[in-house]
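Q: The following comprises the amino acid sequence and a computationally predicted model.
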4 protein chains.
Amino acid sequence: MEPELEMNHADCGCGVGERKAVEVDPEIKDSNLKRLRRIEGQIRGLQKMVEEDRYCPDILVQVSSVQEALRSVGRELMRNHLKHCATQAMRAGGEQSDAMVNELIEMVYKHSR
Amino acid sequence: MEPELEMNHADCGCGVGERKAVEVDPEIKDSNLKRLRRIEGQIRGLQKMVEEDRYCPDILVQVSSVQEALRSVGRELMRNHLKHCATQAMRAGGEQSDAMVNELIEMVYKHSR
Amino acid sequence: MEPELEMNHADCGCGVGERKAVEVDPEIKDSNLKRLRRIEGQIRGLQKMVEEDRYCPDILVQVSSVQEALRSVGRELMRNHLKHCATQAMRAGGEQSDAMVNELIEMVYKHSR
Amino acid sequence: MEPELEMNHADCGCGVGERKAVEVDPEIKDSNLKRLRRIEGQIRGLQKMVEEDRYCPDILVQVSSVQEALRSVGRELMRNHLKHCATQAMRAGGEQSDAMVNELIEMVYKHSR
């Protein structure tokens, strides 16, 4: 679960290794934690379906539902990132702003399907 | 975690409600269970990252990694389905075969992103 | 526009190089040709929008609309393939059937996003 | 080819109806125009393949190649938008900045698959 090394790092003064968000909206944090706990339950449900040799398309519908839930988590992470860290970097201008644009493009086109 | 009701049901003699797969390859079942247990751990890792206010793009990289892992689960479910249930229905011909084609299209275009 | 060489080839007696479909439903062919002509117009519309320096998100909405239209073309190609060539191979059984399953998995997981 | 009305509009002083980009990098514009002309050729190639009843998976490989090319166009549009219009709005702060964040989320999660 280490961050991938090839990710471009926009410097937003958040330290190295265990980088922190500049700020997290409490309602985004809460709703993401709720979503992730629900997803954990869905993953256990999927394990049970596979163990019971359930009909493959029925399992796939649930896989798809988890994918959609993860996409919602990603969307809220992106929202928080844009509101705080990205905005800060883009206001700073210069290299920080350029690095942030590159990082955002990478987030969207590699990591947000 | 109930199967969605609007899913077209190709009849392959698997009962109603808790439909079973016609046959499951043991190596597909094992590898999918292993993948799903690993994914469960990744989901708990994500909860921890959110709790610790980690840098949003770092969390998003992990979300994307879970989505890729789920996609692999889906691919193997699809493989098993095509090898066994779909092949059986397509050999049976007639309405069973037509219903299976429609169900496959729905699986691919609604549930396999 | 040559078929990629790394594509697994399920042998369905369609010749090499310029492989033909076993059978094409005329209504699928017609609707796909109509869709592709409309898409060609949309692509020219996109060129005009880029030339006129139109607002990027407005262009992106149109890019997304073309992608959705191409996805519909893909869905109908898949439908035709499953109804005819895939069904034929799966009825033939043995190696032909196995090769078809592999080819279908590749179509779905590499080429249907 | 009109912009969809339900798109959130971040106000960046670009007029109504035929909204313009704040600024477009000439190399992004050139490469997008080249890509779109190439895509137009690919679409005509697809029409020919459909007319000739070519093997459906071979056509699907080409559909997928066009999708990837469109994704590249979208990525460069997003890059230009972030560099210029989004940066400008985020520096302006307040409501303009909030509206831009919402628009970006919508672009990424509705229009960038």
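A: That came in fine, so what should we check first? Numbering: from 1, shown residues only, chains lettered A, B, ... in the order given.

Q: Check the gap between residue A:78 and residue B:19 for me.
A: Residue A:78 sits 37 Å away from residue B:19, going by C-beta to C-beta, to the nearest Å. Backbone N, C-alpha and C define where each C-beta goes, glycine included.

Q: Who has more neighbours out of the two?
A: Using other C-beta atoms under 10 Å in any protein chain shown as the criterion, residue A:78 and residue B:19 rank with residue A:78 on top: 24 against 19.

Q: Residue A:107 and residue C:99, how far apart?
A: In terms of C-beta to C-beta, residue A:107 sits 39 Å off from residue C:99.

Q: Who has more neighbours out of the two?
A: Taking other C-beta under 10 Å, residue A:107 and residue C:99 do not tie; residue A:107 has more neighbours (24 against 16).

Q: and that one, that one's in a strand?
A: No - secondary structure of residue A:107 (DSSP: H, G, I helix; E, B strand; the rest coil): helix, not part of a strand.

Q: In contact with it, which residues?
A: Listed by C-beta atoms under 8 Å, 6 or more residues apart in numbering or on different chains, the contact set of residue A:107 reads A:78, A:81, B:57, B:60.

Q: now do residue A:104
A: A:82, A:86, D:82.

Q: Residue B:57 versus the first one, what's the distance?
A: Between residue A:82 and residue B:57 the computed distance is 11 Å (C-beta to C-beta).

Q: any idea how far the residue nearest the centre of chain A is from chain D?
A: Nearest residue to the geometric centre of chain A (C-alpha atoms, centre = their mean): residue A:74, 3.6 Å. Relative to chain D, residue A:74 is positioned 8 Å away (C-beta to the nearest C-beta, to the nearest Å).

Q: And residue A:43, by the same measure?
A: Applying C-beta to the nearest C-beta to residue A:43 and chain D gives a distance of 22 Å.

Q: number of nearby residues for that residue?
A: Neighbour number of residue A:43 under other C-beta under 10 Å is 24.

Q: Would you agree it is in contact with residue B:39?
A: Yes - counting by C-beta atoms under 8 Å, residue A:43 does reach residue B:39; the two are 5.6 Å apart.

Q: so where's chain A shaky on pLDDT?
A: A:1-17 (pLDDT under 70).

Q: For chain A, which residues are neighbours of chain C?
A: residue A:113 (C-beta under 8 Å from any C-beta of the partner chain).

Q: Which single residue of chain A approaches chain C most closely?
A: Residue of chain A nearest chain C, by C-beta to the nearest C-beta: residue A:113 (7.5 Å).

Q: Who's the closest spatial neighbour of that residue, skipping the chain neighbours?
A: Nearest-residue entry for residue A:113: residue D:113, 6.3 Å, with adjacent residues in sequence omitted and distances by C-beta to C-beta, 6 or more residues apart in numbering or on different chains.

Q: got the contact list for that neighbour?
A: A:113, B:113, C:64, C:67, C:113.

Q: Take those and write them to TSV, including distance to residue B:34 and secondary structure.
A: Shown next, in TSV, are those (distance: C-beta to C-beta, whole Å; DSSP: H, G, I helix; E, B strand; the rest coil):
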residue	distance to residue B:34	secondary structure
A:113	24	coil
B:113	23	coil
C:64	36	helix
C:67	34	helix
C:113	26	coil
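
Q: Just give me the closest of these to chain D.
A: When the contacts of residue D:113 are compared against chain D (criterion: C-beta to the nearest C-beta), the nearest one is residue C:64, at 3.9 Å.

Q: so the closest one touches residue D:108, yeah?
A: No - in this structure, residue C:64 is not within contact of residue D:108 by C-beta under 8 Å, at 11.0 Å.

Q: And those two? Which one has more around it.
A: Taking neighbours as other C-beta under 10 Å, residue C:64 and residue D:108 compare with residue D:108 leading, 22 against 18.

Q: Am I right that that one is in contact with residue A:77?
A: No - at 11.3 Å, residue D:108 does not count as touching residue A:77 under the criterion of C-beta under 8 Å.

Q: Could you measure from residue A:33 over to chain B?
A: Relative to chain B, and taking C-beta to the nearest C-beta, residue A:33 is found at 6 Å.
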